[in-house]
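Student: After the sequence you'll find the predicted model.
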Amino acid sequence: MEQMRIDLKKEQQASRARPRYEYSAMARFFFRSMDMLAGKETTLAKAKLVEALAPIPYRSWENREYARMRRHEEDAELVEQARAIMEWGREAKDNEYLHFLVVSEKLKEDAARGPLYMTPPLPSLMVGSYIPMTWTMARLDIRRAF
């Protein structure tokens, strides 16, 4: 299989040229909550928190697609579409985990002390509240959830 070359500079320029996506009320609430908890500035610790939360929507989408496949097993086109979303989600979830590992290693390398919001049980509480939000979004409108 031939590898496709991607011009990163061209892709970055295309991305910047596109109009910004209008965030939903739920997304704005999430961003404000994150800023209240972890501060507005971008830090490695905040990036680690984001990377810990990043795979959760992919799991919600995957679960939704499994349910669609079971309900509509006779519809080959729908099953294939659901399978493609699941495959994409798994790859994205794995990619997010790699980001998490890279940030974790950098924090170790810098011997950075973790902030209060990264000590137990706070990360578990954040994940626990984010799961129902992404589950709800996936069930209401998968396109908006993306």
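Tutor: Okay, I see it.
Student: in this structure, which residue is closest to the centre?
Tutor: residue 54 (3.1 Å; CA atoms, centre = their mean).
Student: Tell me which residues touch the closest residue to that one other than its chain neighbours, please.
Tutor: The shortest distance from residue 54 to any non-neighbouring residue, by CB to CB, 6 or more residues apart in numbering, is to residue 96 (4.0 Å). Where C-beta positions appear, they are placed from N, C-alpha and C, glycine not excepted. Taking CB atoms under 8 Å, 6 or more residues apart in numbering, we find residue 96 in contact with 51, 54-55, 58.
Student: May I see the residues you listed arranged in TSV, with distance to residue 34, pLDDT and secondary structure as well?
Tutor: Output for these, formatted as TSV (distance: CB to CB, whole Å; pLDDT from 0 to 100; DSSP: H, G, I helix; E, B strand; the rest coil):
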residue	distance to residue 34	pLDDT	secondary structure
51	13	91	helix
54	12	92	coil
55	16	93	helix
58	18	91	helix
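Student: out of these, which is most surrounded?
Tutor: residue 58 (22 neighbours; other CB atoms under 10 Å).
Student: ok, so what distance separates it from residue 47?
Tutor: 18 Å (CB to CB, to the nearest Å).
Student: List the buried residues of the lowest-mean-pLDDT helix or strand in the chain.
Tutor: Taking mean pLDDT, DSSP states H and E as the measure, helix 142-145 is the helix or strand of the chain with the lowest mean score, a mean of 77. By 16 or more other CB atoms under 10 Å, the buried positions in helix 142-145 come out as 142, 145.
Student: Point out the other helices and strands that it packs with.
Tutor: Packed against helix 142-145, as judged by 3 or more CB pairs under 8 Å, 6 or more residues apart in numbering; DSSP states H and E, are the following elements: helix 55-71, helix 122-140.
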